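**Student:** Structure, please.
(chains A and B)
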Amino acid sequence: MDEARRAALNAWLSNAAGASVVISATSLLSGGAIQQNWALSVTRGGAAEEWVLRTDNAATLAVSLPRSAEYALLRAAFTEGVTVPEPLFCCEDASIIGAPFFVMRRVAGTATGFRLAKAAAARGGDDALVAALGAELARIHRIRPPHEDFGFLGVPPADAGADFVAAMRARLDAANTPRPSVEWGLSALARHLPPPVPPVLCHNDFRTGNLMVEAGQVTAILDWEFAAWGDPHADLGWFCAPCWRFGNLALEAGGLGSRAAFLRGYGGGADPSRLPFWELAASIRWAVIAADQGARHLSGVERSLELALTAHIIPELEMDILRQVEALDAGTA
Amino acid sequence: MLEQPDATDLLNTARDSLLQKLLPTLPAHLHYEARMIANAMAIAARAAGVDAAPLATRLRSFADDEAHFAARIRAGAYPPGSPAYVGAAKLLQEMVRLRCTVSAPRALKGEP
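**Tutor:** So this is what the prediction gives:
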(Lines give C-alpha, C1' and ligand atoms only; values in the text may rest on other atoms or scores of the structure.)
Protein backbone atom coordinates (compact mmCIF):
# COMPACT_ATOMS: atom_id res chain seq x y z
CA MET A 1 0.00 0.00 0.00
CA ASP A 2 1.62 3.31 -1.05
CA GLU A 3 2.03 6.31 1.24
CA ALA A 4 -0.75 8.40 -0.34
CA ARG A 5 -3.33 5.64 0.05
CA ARG A 6 -2.18 4.87 3.56
CA ALA A 7 -2.59 8.53 4.54
CA ALA A 8 -6.06 8.69 2.97
CA LEU A 9 -7.02 5.47 4.72
CA ASN A 10 -5.70 6.77 8.02
CA ALA A 11 -7.85 9.90 7.75
CA TRP A 12 -10.95 7.95 6.70
CA LEU A 13 -10.58 5.44 9.56
CA SER A 14 -10.18 8.21 12.15
CA ASN A 15 -13.38 9.81 10.90
CA ALA A 16 -15.27 6.49 10.86
CA ALA A 17 -14.04 5.50 14.33
CA GLY A 18 -14.72 8.93 15.82
CA ALA A 19 -11.30 8.73 17.41
CA SER A 20 -7.71 9.18 16.33
CA VAL A 21 -6.62 6.07 14.40
CA VAL A 22 -2.93 5.72 13.57
CA ILE A 23 -1.82 2.91 11.26
CA SER A 24 1.55 1.64 12.45
CA ALA A 25 1.97 -1.26 9.99
CA THR A 26 0.30 -2.81 6.96
CA SER A 27 1.02 -6.13 5.28
CA LEU A 28 -0.70 -8.08 2.54
CA LEU A 29 -2.02 -11.43 3.80
CA SER A 30 -1.73 -14.55 1.65
CA GLY A 31 -4.68 -16.24 -0.03
CA GLY A 32 -7.67 -14.87 -1.87
CA ALA A 33 -7.73 -15.05 -5.67
CA ILE A 34 -10.63 -12.61 -5.76
CA GLN A 35 -10.06 -10.40 -2.73
CA GLN A 36 -7.09 -8.81 -1.06
CA ASN A 37 -6.76 -8.92 2.70
CA TRP A 38 -4.43 -6.49 4.48
CA ALA A 39 -3.35 -6.83 8.09
CA LEU A 40 -3.47 -3.43 9.79
CA SER A 41 -1.78 -2.72 13.10
CA VAL A 42 -3.34 0.44 14.50
CA THR A 43 -3.82 2.49 17.60
CA ARG A 44 -7.36 3.78 18.23
CA GLY A 45 -7.45 6.56 20.78
CA GLY A 46 -3.97 5.44 21.82
CA ALA A 47 -4.85 1.75 22.35
CA ALA A 48 -3.31 -0.90 20.08
CA GLU A 49 -5.65 -3.01 17.94
CA GLU A 50 -5.19 -5.55 15.13
CA TRP A 51 -7.51 -5.24 12.15
CA VAL A 52 -7.96 -6.75 8.69
CA LEU A 53 -8.92 -4.65 5.68
CA ARG A 54 -10.66 -6.57 2.90
CA THR A 55 -10.89 -5.16 -0.61
CA ASP A 56 -11.23 -6.28 -4.23
CA ASN A 57 -8.41 -7.63 -6.33
CA ALA A 58 -7.78 -6.30 -9.85
CA ALA A 59 -10.47 -8.53 -11.38
CA THR A 60 -13.50 -9.72 -9.46
CA LEU A 61 -15.90 -12.52 -10.31
CA ALA A 62 -19.31 -11.34 -11.44
CA VAL A 63 -20.94 -13.83 -9.06
CA SER A 64 -19.10 -12.44 -6.04
CA LEU A 65 -20.95 -9.96 -3.79
CA PRO A 66 -19.62 -6.41 -3.35
CA ARG A 67 -17.70 -5.62 -0.14
CA SER A 68 -20.60 -3.60 1.33
CA ALA A 69 -22.86 -6.65 1.01
CA GLU A 70 -20.26 -8.91 2.57
CA TYR A 71 -20.01 -6.43 5.44
CA ALA A 72 -23.80 -6.50 5.97
CA LEU A 73 -23.72 -10.30 6.04
CA LEU A 74 -20.88 -10.29 8.54
CA ARG A 75 -22.83 -7.92 10.80
CA ALA A 76 -25.93 -10.13 10.68
CA ALA A 77 -23.88 -13.25 11.38
CA PHE A 78 -22.08 -11.51 14.26
CA THR A 79 -25.45 -10.52 15.73
CA GLU A 80 -26.75 -14.10 15.38
CA GLY A 81 -23.79 -15.40 17.39
CA VAL A 82 -21.88 -16.95 14.51
CA THR A 83 -18.13 -16.95 15.18
CA VAL A 84 -16.95 -14.26 12.76
CA PRO A 85 -14.45 -11.42 13.07
CA GLU A 86 -16.21 -8.36 14.50
CA PRO A 87 -17.10 -6.07 11.57
CA LEU A 88 -15.95 -2.51 12.29
CA PHE A 89 -16.25 -0.12 9.32
CA CYS A 90 -17.30 -0.21 5.68
CA CYS A 91 -16.24 2.26 2.96
CA GLU A 92 -18.00 2.27 -0.40
CA ASP A 93 -15.93 5.23 -1.65
CA ALA A 94 -13.47 3.78 -4.18
CA SER A 95 -11.32 6.93 -4.10
CA ILE A 96 -9.77 6.23 -0.67
CA ILE A 97 -7.64 3.19 -1.54
CA GLY A 98 -8.75 2.53 -5.13
CA ALA A 99 -11.63 0.14 -4.37
CA PRO A 100 -14.40 -0.22 -1.75
CA PHE A 101 -13.32 -2.01 1.43
CA PHE A 102 -14.36 -3.00 4.91
CA VAL A 103 -12.46 -3.43 8.13
CA MET A 104 -12.90 -6.18 10.70
CA ARG A 105 -11.11 -7.20 13.84
CA ARG A 106 -8.25 -9.62 13.27
CA VAL A 107 -8.62 -13.02 14.91
CA ALA A 108 -5.96 -15.61 15.66
CA GLY A 109 -5.88 -18.97 13.93
CA THR A 110 -5.00 -21.00 10.87
CA ALA A 111 -7.26 -21.19 7.84
CA THR A 112 -4.89 -23.13 5.56
CA GLY A 113 -6.87 -26.20 4.52
CA PHE A 114 -4.09 -28.72 4.16
CA ARG A 115 -2.59 -27.80 7.54
CA LEU A 116 -5.90 -28.23 9.34
CA ALA A 117 -6.57 -31.49 7.49
CA LYS A 118 -3.09 -32.80 8.35
CA ALA A 119 -3.55 -31.95 12.02
CA ALA A 120 -6.99 -33.60 12.10
CA ALA A 121 -5.71 -36.73 10.32
CA ALA A 122 -2.86 -37.05 12.82
CA ARG A 123 -5.53 -37.38 15.53
CA GLY A 124 -7.62 -39.84 13.50
CA GLY A 125 -10.17 -37.08 12.93
CA ASP A 126 -11.37 -34.23 15.12
CA ASP A 127 -15.06 -34.85 15.79
CA ALA A 128 -15.27 -32.10 18.41
CA LEU A 129 -14.12 -29.56 15.82
CA VAL A 130 -16.55 -30.69 13.10
CA ALA A 131 -19.41 -30.78 15.63
CA ALA A 132 -18.59 -27.16 16.52
CA LEU A 133 -18.56 -26.32 12.80
CA GLY A 134 -21.95 -27.99 12.39
CA ALA A 135 -23.29 -25.79 15.19
CA GLU A 136 -21.83 -22.68 13.48
CA LEU A 137 -23.60 -23.60 10.25
CA ALA A 138 -26.89 -24.15 12.10
CA ARG A 139 -26.59 -20.61 13.53
CA ILE A 140 -26.00 -19.21 10.03
CA HIS A 141 -29.10 -21.05 8.80
CA ARG A 142 -31.23 -19.44 11.52
CA ILE A 143 -31.03 -16.26 9.41
CA ARG A 144 -34.06 -16.46 7.15
CA PRO A 145 -35.87 -14.25 4.67
CA PRO A 146 -37.19 -11.65 4.70
CA HIS A 147 -34.27 -9.62 6.07
CA GLU A 148 -34.29 -5.83 5.82
CA ASP A 149 -30.51 -5.50 5.28
CA PHE A 150 -30.27 -8.12 2.55
CA GLY A 151 -32.03 -6.53 -0.42
CA PHE A 152 -28.92 -7.34 -2.46
CA LEU A 153 -29.69 -11.07 -2.10
CA GLY A 154 -32.85 -10.70 -4.18
CA VAL A 155 -35.92 -12.92 -3.99
CA PRO A 156 -35.39 -16.30 -2.26
CA PRO A 157 -35.62 -19.25 -4.69
CA ALA A 158 -38.83 -21.29 -4.69
CA ASP A 159 -36.80 -24.38 -5.63
CA ALA A 160 -33.08 -24.03 -4.88
CA GLY A 161 -32.18 -27.36 -6.53
CA ALA A 162 -33.90 -26.59 -9.84
CA ASP A 163 -32.47 -23.06 -9.78
CA PHE A 164 -28.98 -24.48 -9.26
CA VAL A 165 -29.24 -26.76 -12.29
CA ALA A 166 -30.53 -23.89 -14.46
CA ALA A 167 -27.83 -21.49 -13.22
CA MET A 168 -24.98 -23.93 -13.85
CA ARG A 169 -26.26 -24.71 -17.35
CA ALA A 170 -26.42 -21.00 -18.09
CA ARG A 171 -22.84 -20.53 -16.90
CA LEU A 172 -21.61 -23.45 -19.02
CA ASP A 173 -23.39 -21.94 -22.03
CA ALA A 174 -21.87 -18.52 -21.37
CA ALA A 175 -18.38 -20.02 -21.05
CA ASN A 176 -18.82 -21.79 -24.40
CA THR A 177 -16.46 -24.66 -23.58
CA PRO A 178 -18.19 -28.05 -23.90
CA ARG A 179 -17.98 -30.08 -20.68
CA PRO A 180 -19.82 -33.39 -21.23
CA SER A 181 -18.98 -34.78 -17.78
CA VAL A 182 -20.34 -31.70 -16.01
CA GLU A 183 -23.48 -31.95 -18.18
CA TRP A 184 -23.72 -35.61 -17.15
CA GLY A 185 -23.74 -34.51 -13.52
CA LEU A 186 -26.32 -31.79 -14.13
CA SER A 187 -28.63 -34.24 -15.90
CA ALA A 188 -28.39 -36.56 -12.87
CA LEU A 189 -29.26 -33.65 -10.58
CA ALA A 190 -32.29 -32.84 -12.77
CA ARG A 191 -33.44 -36.47 -12.42
CA HIS A 192 -33.03 -36.50 -8.65
CA LEU A 193 -34.31 -33.07 -7.62
CA PRO A 194 -35.30 -33.12 -3.94
CA PRO A 195 -38.58 -31.40 -2.98
CA PRO A 196 -37.98 -27.74 -2.04
CA VAL A 197 -37.53 -26.71 1.61
CA PRO A 198 -37.98 -23.20 3.08
CA PRO A 199 -34.96 -21.06 2.14
CA VAL A 200 -32.31 -19.95 4.65
CA LEU A 201 -29.15 -17.87 4.43
CA CYS A 202 -26.51 -20.13 2.85
CA HIS A 203 -22.87 -19.15 3.29
CA ASN A 204 -22.10 -20.94 0.00
CA ASP A 205 -18.37 -21.33 0.65
CA PHE A 206 -18.45 -23.01 4.08
CA ARG A 207 -15.48 -25.36 3.80
CA THR A 208 -12.08 -26.20 5.17
CA GLY A 209 -9.87 -23.33 3.99
CA ASN A 210 -12.44 -20.67 4.84
CA LEU A 211 -12.52 -21.47 8.56
CA MET A 212 -10.07 -20.19 11.12
CA VAL A 213 -9.08 -22.60 13.87
CA GLU A 214 -6.81 -21.99 16.85
CA ALA A 215 -5.92 -24.77 19.30
CA GLY A 216 -8.79 -26.94 18.07
CA GLN A 217 -11.38 -24.17 18.47
CA VAL A 218 -13.24 -22.35 15.67
CA THR A 219 -12.16 -18.70 15.74
CA ALA A 220 -13.81 -17.41 12.55
CA ILE A 221 -16.05 -18.31 9.61
CA LEU A 222 -14.60 -16.33 6.70
CA ASP A 223 -15.34 -15.38 3.08
CA TRP A 224 -19.02 -14.48 2.87
CA GLU A 225 -18.87 -13.20 -0.70
CA PHE A 226 -20.99 -16.00 -2.21
CA ALA A 227 -23.78 -16.00 0.42
CA ALA A 228 -27.35 -16.31 -0.89
CA TRP A 229 -30.80 -17.58 0.07
CA GLY A 230 -31.01 -21.31 -0.58
CA ASP A 231 -31.41 -24.87 0.65
CA PRO A 232 -29.42 -25.39 3.89
CA HIS A 233 -28.28 -28.78 2.57
CA ALA A 234 -26.28 -26.95 -0.10
CA ASP A 235 -23.88 -25.78 2.66
CA LEU A 236 -23.84 -29.21 4.32
CA GLY A 237 -23.07 -30.87 0.98
CA TRP A 238 -20.38 -28.32 0.07
CA PHE A 239 -18.59 -28.94 3.37
CA CYS A 240 -18.73 -32.75 2.96
CA ALA A 241 -17.96 -32.96 -0.79
CA PRO A 242 -14.89 -35.07 -1.70
CA CYS A 243 -13.17 -32.06 -3.29
CA TRP A 244 -12.94 -30.25 0.06
CA ARG A 245 -11.44 -33.08 2.11
CA PHE A 246 -7.82 -32.14 1.32
CA GLY A 247 -6.85 -35.75 0.69
CA ASN A 248 -8.49 -37.13 3.85
CA LEU A 249 -11.26 -38.88 1.93
CA ALA A 250 -12.32 -41.01 4.92
CA LEU A 251 -12.89 -37.88 7.05
CA GLU A 252 -16.06 -36.98 5.19
CA ALA A 253 -16.73 -33.71 7.02
CA GLY A 254 -14.27 -31.35 5.38
CA GLY A 255 -11.35 -33.77 5.73
CA LEU A 256 -11.45 -32.94 9.44
CA GLY A 257 -13.87 -35.37 11.10
CA SER A 258 -16.81 -37.69 10.68
CA ARG A 259 -19.98 -36.78 8.87
CA ALA A 260 -22.01 -38.12 11.82
CA ALA A 261 -20.32 -35.71 14.26
CA PHE A 262 -20.77 -32.78 11.88
CA LEU A 263 -24.51 -33.51 11.46
CA ARG A 264 -24.87 -34.09 15.22
CA GLY A 265 -23.39 -30.64 15.81
CA TYR A 266 -25.75 -29.18 13.23
CA GLY A 267 -28.72 -30.64 15.12
CA GLY A 268 -32.25 -31.22 13.85
CA GLY A 269 -33.24 -29.82 10.51
CA ALA A 270 -30.73 -31.72 8.39
CA ASP A 271 -32.05 -34.48 6.15
CA PRO A 272 -29.10 -36.77 5.28
CA SER A 273 -31.01 -38.19 2.29
CA ARG A 274 -30.64 -34.78 0.57
CA LEU A 275 -26.84 -34.75 0.89
CA PRO A 276 -25.92 -36.92 -2.15
CA PHE A 277 -27.74 -34.43 -4.39
CA TRP A 278 -25.96 -31.45 -2.84
CA GLU A 279 -22.54 -33.15 -2.71
CA LEU A 280 -22.78 -33.81 -6.45
CA ALA A 281 -23.91 -30.20 -6.84
CA ALA A 282 -20.77 -29.17 -4.93
CA SER A 283 -18.43 -31.01 -7.31
CA ILE A 284 -20.24 -29.44 -10.27
CA ARG A 285 -20.20 -25.95 -8.78
CA TRP A 286 -16.48 -26.08 -8.00
CA ALA A 287 -15.81 -27.35 -11.54
CA VAL A 288 -17.79 -24.46 -13.02
CA ILE A 289 -16.03 -21.91 -10.77
CA ALA A 290 -12.64 -23.41 -11.67
CA ALA A 291 -13.56 -23.20 -15.35
CA ASP A 292 -14.48 -19.53 -14.93
CA GLN A 293 -11.17 -18.85 -13.16
CA GLY A 294 -9.26 -20.60 -15.95
CA ALA A 295 -11.21 -18.53 -18.47
CA ARG A 296 -10.12 -15.31 -16.74
CA HIS A 297 -6.54 -16.33 -17.48
CA LEU A 298 -7.24 -17.55 -21.02
CA SER A 299 -9.23 -14.44 -21.95
CA GLY A 300 -6.44 -12.15 -20.80
CA VAL A 301 -8.64 -10.41 -18.20
CA GLU A 302 -6.12 -11.50 -15.58
CA ARG A 303 -3.12 -13.53 -16.73
CA SER A 304 -2.14 -15.62 -13.71
CA LEU A 305 -0.39 -18.92 -13.14
CA GLU A 306 -2.65 -19.62 -10.15
CA LEU A 307 -5.80 -19.16 -12.27
CA ALA A 308 -4.30 -21.23 -15.10
CA LEU A 309 -3.60 -24.11 -12.72
CA THR A 310 -7.07 -23.87 -11.19
CA ALA A 311 -8.49 -25.01 -14.55
CA HIS A 312 -6.46 -28.21 -14.20
CA ILE A 313 -8.42 -29.12 -11.06
CA ILE A 314 -11.46 -29.76 -13.28
CA PRO A 315 -10.61 -33.30 -14.51
CA GLU A 316 -10.32 -34.56 -10.93
CA LEU A 317 -13.69 -32.97 -10.14
CA GLU A 318 -15.12 -34.67 -13.21
CA MET A 319 -13.90 -37.99 -11.81
CA ASP A 320 -15.81 -37.23 -8.60
CA ILE A 321 -18.88 -36.25 -10.64
CA LEU A 322 -18.93 -39.53 -12.58
CA ARG A 323 -18.65 -41.57 -9.36
CA GLN A 324 -21.33 -39.50 -7.66
CA VAL A 325 -23.73 -39.84 -10.60
CA GLU A 326 -23.22 -43.59 -10.66
CA ALA A 327 -24.06 -43.83 -6.94
CA LEU A 328 -27.03 -41.46 -7.21
CA ASP A 329 -28.55 -43.34 -10.17
CA ALA A 330 -27.89 -46.72 -8.52
CA GLY A 331 -29.49 -45.52 -5.28
CA THR A 332 -26.30 -46.31 -3.33
CA ALA A 333 -25.23 -42.72 -2.60
CA MET B 1 12.96 -34.28 -37.60
CA LEU B 2 13.23 -32.55 -34.22
CA GLU B 3 16.26 -32.65 -31.94
CA GLN B 4 16.25 -34.70 -28.76
CA PRO B 5 15.67 -34.45 -25.81
CA ASP B 6 11.99 -33.84 -26.53
CA ALA B 7 9.55 -31.50 -24.79
CA THR B 8 8.67 -33.99 -22.04
CA ASP B 9 12.30 -34.67 -21.19
CA LEU B 10 13.24 -30.97 -21.20
CA LEU B 11 10.32 -30.00 -18.99
CA ASN B 12 11.03 -32.78 -16.51
CA THR B 13 14.74 -31.98 -16.40
CA ALA B 14 14.08 -28.27 -15.93
CA ARG B 15 11.51 -29.05 -13.24
CA ASP B 16 14.01 -31.17 -11.29
CA SER B 17 16.49 -28.31 -11.47
CA LEU B 18 13.88 -25.84 -10.21
CA LEU B 19 12.84 -28.02 -7.26
CA GLN B 20 16.26 -29.33 -6.27
CA LYS B 21 18.58 -26.40 -6.96
CA LEU B 22 16.55 -23.19 -7.07
CA LEU B 23 13.75 -23.78 -4.56
CA PRO B 24 16.03 -24.31 -1.52
CA THR B 25 17.70 -20.96 -2.20
CA LEU B 26 14.49 -18.97 -2.62
CA PRO B 27 12.97 -16.91 0.23
CA ALA B 28 9.91 -18.53 1.81
CA HIS B 29 7.42 -16.10 0.26
CA LEU B 30 8.39 -17.34 -3.24
CA HIS B 31 8.09 -21.07 -2.48
CA TYR B 32 4.40 -21.21 -3.42
CA GLU B 33 5.09 -19.52 -6.77
CA ALA B 34 8.00 -21.89 -7.44
CA ARG B 35 5.87 -24.92 -6.63
CA MET B 36 3.13 -23.64 -8.96
CA ILE B 37 5.73 -23.31 -11.74
CA ALA B 38 6.89 -26.88 -11.06
CA ASN B 39 3.29 -28.08 -11.16
CA ALA B 40 2.64 -26.30 -14.47
CA MET B 41 5.78 -27.88 -15.95
CA ALA B 42 4.69 -31.34 -14.81
CA ILE B 43 1.25 -30.90 -16.42
CA ALA B 44 2.81 -29.64 -19.65
CA ALA B 45 5.27 -32.57 -19.70
CA ARG B 46 2.45 -35.09 -19.28
CA ALA B 47 0.32 -33.34 -21.91
CA ALA B 48 3.16 -33.63 -24.42
CA GLY B 49 3.11 -37.40 -23.98
CA VAL B 50 -0.61 -37.99 -24.45
CA ASP B 51 -2.46 -38.98 -27.62
CA ALA B 52 -6.13 -37.97 -27.52
CA ALA B 53 -6.82 -39.05 -31.12
CA PRO B 54 -8.17 -42.58 -30.36
CA LEU B 55 -10.73 -41.19 -27.91
CA ALA B 56 -11.71 -38.43 -30.33
CA THR B 57 -12.43 -41.17 -32.88
CA ARG B 58 -14.56 -43.07 -30.34
CA LEU B 59 -16.42 -39.87 -29.49
CA ARG B 60 -17.51 -39.55 -33.12
CA SER B 61 -19.57 -42.74 -32.79
CA PHE B 62 -21.65 -40.84 -30.19
CA ALA B 63 -21.73 -37.28 -31.54
CA ASP B 64 -20.13 -34.88 -34.00
CA ASP B 65 -17.85 -33.40 -31.34
CA GLU B 66 -17.67 -32.64 -27.60
CA ALA B 67 -20.18 -29.78 -27.85
CA HIS B 68 -22.68 -32.04 -29.62
CA PHE B 69 -22.10 -34.81 -27.05
CA ALA B 70 -22.69 -32.32 -24.21
CA ALA B 71 -25.89 -31.09 -25.88
CA ARG B 72 -27.15 -34.66 -26.33
CA ILE B 73 -26.52 -35.41 -22.65
CA ARG B 74 -28.50 -32.31 -21.65
CA ALA B 75 -31.31 -33.28 -24.05
CA GLY B 76 -31.70 -36.61 -22.24
CA ALA B 77 -30.37 -38.89 -24.98
CA TYR B 78 -28.89 -41.31 -22.43
CA PRO B 79 -31.61 -42.34 -19.94
CA PRO B 80 -30.48 -44.49 -16.97
CA GLY B 81 -31.13 -48.18 -17.47
CA SER B 82 -30.61 -48.00 -21.24
CA PRO B 83 -27.64 -49.37 -23.23
CA ALA B 84 -27.05 -45.78 -24.39
CA TYR B 85 -26.52 -44.72 -20.75
CA VAL B 86 -23.97 -47.49 -20.18
CA GLY B 87 -22.08 -46.61 -23.36
CA ALA B 88 -22.03 -42.88 -22.66
CA ALA B 89 -20.92 -43.45 -19.06
CA LYS B 90 -18.05 -45.62 -20.25
CA LEU B 91 -16.90 -43.08 -22.84
CA LEU B 92 -17.07 -40.26 -20.28
CA GLN B 93 -14.99 -42.30 -17.88
CA GLU B 94 -12.31 -42.86 -20.50
CA MET B 95 -12.32 -39.16 -21.44
CA VAL B 96 -12.00 -38.10 -17.79
CA ARG B 97 -9.25 -40.65 -17.14
CA LEU B 98 -7.28 -39.27 -20.06
CA ARG B 99 -7.79 -35.72 -18.77
CA CYS B 100 -6.67 -36.82 -15.28
CA THR B 101 -3.59 -38.52 -16.75
CA VAL B 102 -2.46 -35.02 -17.71
CA SER B 103 -3.97 -32.76 -15.04
CA ALA B 104 -4.30 -34.89 -11.90
CA PRO B 105 -2.72 -38.36 -12.04
CA ARG B 106 -3.24 -38.77 -8.29
CA ALA B 107 -7.00 -38.98 -9.02
CA LEU B 108 -6.33 -42.24 -10.87
CA LYS B 109 -4.90 -43.96 -7.80
CA GLY B 110 -7.06 -46.96 -6.99
CA GLU B 111 -8.57 -46.96 -10.49
CA PRO B 112 -8.45 -50.30 -12.35
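
**Student:** What parts of the stretch 51-200 of chain A come near chain B?
**Tutor:** A:169, A:172, A:178-181, A:183-184, A:186-187, A:191 (CB under 8 Å from any CB of the partner chain). Every C-beta, even on glycine, is put in place using the N, C-alpha and C of the backbone.

**Student:** rerun that using 7 Å as the cut-off
**Tutor:** Contacts of the stretch 51-200 of chain A with chain B, taken as CB under 7 Å from any CB of the partner chain, map to A:169, A:178-181, A:183-184, A:187.

**Student:** Now the buried members of the residues you listed.
**Tutor:** Buried members of those, scored by 16 or more other CB atoms under 10 Å in any protein chain shown, are A:169, A:178-181, A:183-184, A:187.

**Student:** Which of these fall in helices?
**Tutor:** Those of these mapping onto helices are A:169, A:180-181, A:183-184, A:187, per DSSP state H.

**Student:** any idea how chain B splits into domains?
**Tutor:** B:1-49, B:51-112 (automatic domain parsing).

**Student:** Low-confidence regions, chain A specifically.
**Tutor:** For chain A, the stretches flagged by pLDDT under 70 are A:31-34, A:58-63.

**Student:** in the chain, which spans are helices?
**Tutor:** Since you didn't name a chain, this refers to chain A. Assigned by DSSP H, the helices in chain A fall at A:3-17, A:67-80, A:113-122, A:127-140, A:160-175, A:180-191, A:232-240, A:259-266, A:275-299, A:305-311, A:314-330.

**Student:** sorry, should have said chain B
**Tutor:** Under DSSP H, chain B gives helices at B:7-17, B:31-48, B:53-59, B:66-74, B:83-103.

**Student:** Around chain A, which positions in chain B sit nearby?
**Tutor:** B:36-37, B:39-40, B:43, B:66-67, B:69-70, B:73-74, B:76, B:80, B:92-93, B:96, B:99-100, B:103-104, B:107.

**Student:** ok, back up a step: of all pairs in the ones in helices among the buried ones among the residues of the stretch 51-200 of chain A next to chain B, which one is the farthest apart?
**Tutor:** Of all pairs drawn from those, the widest gap by CB to CB lies between A:R169 and A:S181 and measures 14.0 Å.

**Student:** Am I right that A:A234 is in contact with A:W278?
**Tutor:** Yes: with contact defined as CB atoms under 7 Å, A:A234 reaches A:W278; the gap is 5.2 Å.

**Student:** Does A:E225 touch A:R67 like I think?
**Tutor:** No: using CB under 7 Å, A:E225 makes no contact with A:R67, being 8.4 Å away.

**Student:** Leaving out the residues flanking it, which one is nearest to residue 94?
**Tutor:** Looking at chain A here, since you left the chain open. Using CB to CB, 6 or more residues apart in numbering or on different chains and skipping the chain neighbours, the partner closest in space to A:A94 is A:P100 (5.7 Å).

**Student:** ah, no, chain B please
**Tutor:** Nearest residue to B:E94 in three dimensions, chain neighbours excluded: B:L55, at 6.0 Å (CB to CB, 6+ apart).

**Student:** And for A:D56?
**Tutor:** Spatial nearest neighbour of A:D56, chain neighbours left out: A:A99 (4.5 Å); criterion: CB to CB, 6+ apart.

**Student:** What distance do you get for that neighbour to A:L28?
**Tutor:** Separation of A:A99 from A:L28 (CB to CB, to the nearest Å): 14 Å.

**Student:** Could you tell me which residues make contact with A:T43?
**Tutor:** A:T43 makes contact with A:22, A:24, according to CB atoms under 7 Å, 6 or more residues apart in numbering or on different chains.

**Student:** again, only this time at 6 Å
**Tutor:** A:V22 (CB atoms under 6 Å, 6 or more residues apart in numbering or on different chains).

**Student:** so how far is chain B from it?
**Tutor:** Computed as CB to the nearest CB, to the nearest Å, the A:T43 to chain B distance reads 27 Å.

**Student:** now A:V288
**Tutor:** Distance check for A:V288 against chain B: by CB to the nearest CB, it reads 13 Å.

**Student:** how about B:A77, phi and psi?
**Tutor:** B:A77 adopts backbone torsions of phi -70, psi -10, taken as degrees, to the nearest 10.

**Student:** Quick one: neighbours of it, just the number.
**Tutor:** Using other CB atoms under 10 Å in any protein chain shown, the number of residues around B:A77 comes to 16.

**Student:** gap between the closest residue to it other than its chain neighbours and chain A?
**Tutor:** Leaving aside its sequence neighbours, B:A77 sits nearest to B:A84 (CB to CB, 6+ apart; 6.6 Å). Per CB to the nearest CB, B:A84 is found 13 Å from chain A.

**Student:** since we're on B:A84, how many residues are nearby?
**Tutor:** 14.

**Student:** okay, it: pLDDT?
**Tutor:** We have a pLDDT of 96 for B:A84.

**Student:** any weak-confidence spans in chain B?
**Tutor:** Applying pLDDT under 70 to chain B picks out residues B:111-112.
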